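Chemist: generate a structure from the sequence data that follows.
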Amino acid sequence: MREREKFGSRLGFILISAGCAIGLGNVWRFPWITGQYGGAAFVLIYLLFLLILGLPIMVMEFAVGRASQLSAARSFHALEPRGTKWHLYGYGAMLGNYMLMAFYTTVGGWMLAYFYKMVKGEFVNVTPAYIGDSFNQMLGNPLYMGFWMVVTVLLCFAVCSRGLRNGVEKINKVMMTCLLVLILVLVVRSVTLPGAAEGLAFYLKPDFSKLYEAEGGLFESIFAAMGQAFFTLSLGIGALAIFGSYIDQDRSLTGEAISITLLDTFVALMSGLIIFPACSSFGVDAGQGPALIFVTLPNIFNQMAGGRFWGALFFLFMAFAAFSTIIAVFENIISFGMDLWGWSRKKTVVFNLFFVLLISLPCVLGFNVWSGFSVPHIGGVQDLEDFIVSNNLLPLGSLVYLLFCTSRYGWGWDNFLREADAGDGLKFPKGLRIYVTYVLPAIVLFIFAMGYIQKFSA
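Modeler: Take a look at the predicted model:
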């Protein structure tokens, strides 16, 4: 059996695991959903749910990965009681990773394309209408979008082809360091803009009455915070479990999960400190969704002194956020072939390079050639792919990990606790057994059901 690769350092494990969790959900979705649901009060509820929902499931994913020393494709085989069928979820985990990359590579390409646009000065001294049309023209051009998607896939697989330590860990350390530096520089610039104080107050001064004022009222605001906290860490498809398989038992998993969650949360909170003061300074709505990133912010940069430079830095930051997730999930995908069939890393990279390019094409074509395709209540190709992952595989996969780690018909509580607590550091609270066995699965099922109700009741 091939010897399992290992991270070269604890920092490498924390940064790449955080890189997997830190993605466009942090720097794109978090600010606009915060703007939509009332600002600082929403942030406080989000942080609470991150602690009580995300952390326990993350520890369980890491524990399953470290105990099995395998990816999600084979980890349940190694740990399940004889005669049980937990391993069938391995197919769901693999589907989740591939389906996520089927649309995430395209969005990563958007970030790279806009970084290039900013660098070459395409948006200097142009009208707001031109900037708005530029995004629509990009979506309507399959060759242009396809080119940036291919560049994204090639770059990220090139990193993974160099191996865990020399490629994924080394490049991710550089990329995450640059991401953190970029975000701090952008925060300083944003909070010092004229008129930024109003945006800072909205973001940092809780006003719980705003939760009632949001569309759908208090319940909708709370559910949105719950959903954002749950989905931001990409739990349930084994995307984090693989990195548990690359570490030894020197450190307890609860402490490591807290470090990763704090880093993930830091990036999300800092993203808000970029966007809200800037929007306040230029009098625009921060709760606009995707248009905020590709239309509103380029317009803001166009009005800002040195906007070409600041815009380039912003989209470089966005590209790093996207690439950190793509590289982490590619590493997961590569591990599937290595664990299932004993393939070499090189063979698995080559196979997946072509396969990911193939499955990414429908998303690219869904905005133009196949723009007429639409599923009722869901939307086009990208919306459907996102729905399969976010509304189905993430919550149901998280439920599998929860039940597997707490049920006597699965791996079981004692085995989970022994693995989670191995090593130095914070131990998993034993008093949470009833909560993670009964209450948390019920919450996950509630999130799953509400996702469907929101989609199909409209």
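Chemist: so which helix or strand takes in the residue nearest to residue 73 when sequence neighbours are not counted?
Modeler: Closest residue to residue 73 apart from its sequence neighbours, by CB to CB, 6 or more residues apart in numbering: residue 336 at 4.3 Å. For the C-beta atoms, the positions are set from N, CA and C on the backbone; glycine is no exception. Using DSSP states H and E, residue 336 sits in helix 307-341.
Chemist: which parts of that helix are buried?
Modeler: Using 16 or more other CB atoms under 10 Å as the test for burial, helix 307-341 gives 307-308, 310-340.
Chemist: again with stretch 162-175
Modeler: Buried, per 16+ other CB under 10 Å, within stretch 162-175: 164, 167, 168, 169, 170, 171, 172, 173, 175.
Chemist: tell me how far the ends of it are from each other?
Modeler: Stretch 162-175 has an end-to-end distance of 16 Å (criterion: CA to CA, to the nearest Å).
Chemist: hmm, who's touching the helix-or-strand element of the chain with minimal mean pLDDT?
Modeler: Comparing every helix and strand of the chain by mean pLDDT, DSSP states H and E singles out helix 290-291 as the least confident one, with a mean of 72. Defining contact as CB atoms under 8 Å, 6 or more residues apart in numbering, one finds that helix 290-291 is touched by 28, 135.
Chemist: chain center to that helix: distance?
Modeler: Relative to its chain's centre, helix 290-291 lies at 17 Å (CA atoms, centre = their mean, to the nearest Å).
Chemist: residue ranges with poor pLDDT in the stretch 201-350 of the chain?
Modeler: Per-residue confidence for the stretch 201-350 of the chain (pLDDT under 70) gives these ranges: 287-289.
Chemist: helices of the stretch 301-450 of the chain, start to end?
Modeler: Remark: helices assigned in the stretch 301-450 of the chain by DSSP state H, counting those that start in this stretch are 307-341, 345-365, 381-388, 394-406, 413-421, 433-434, 440-456.
Chemist: pretty sure residue 134 is touching residue 118, no?
Modeler: No. Applying CB atoms under 8 Å, one finds residue 134 not in contact with residue 118, separated by 11.4 Å.
Chemist: shared neighbours of the two, anything?
Modeler: residue 298.
Chemist: which of those two has more residues huddled nearby?
Modeler: Using other CB atoms under 10 Å, the more surrounded residue of residue 134 and residue 118 is residue 118, with 23 against 18.
Chemist: buried stuff in the host helix or strand of the more buried one?
Modeler: Following DSSP H and E, the helix or strand that holds residue 118 is helix 89-119. By 16+ other CB under 10 Å, the buried positions in helix 89-119 come out as 89-90, 92-115, 117-118.
Chemist: next secondary structure after it?
Modeler: Counting by DSSP H and E, what follows helix 89-119 is helix 128-139.
Chemist: any chance you could list what contacts the next helix-or-strand element following that following helix?
Modeler: Using DSSP H and E, the helix or strand that follows helix 128-139 in sequence is helix 142-161. Helix 142-161 is contacted by residues 105-106, 108-110, 112-113, 138-139, 167-168, 171-172, 322-323, 326-327, 330-331, 334, 345-346, 349, 352-353, 356-357, 360-361, 364-365, 367-369 when judged by CB under 8 Å, 6+ apart.
Chemist: okay, buried residues for helix 142-161 please.
Modeler: 142, 144-146, 148-153, 155-157, 159-161.
Chemist: alright, calling it a day.
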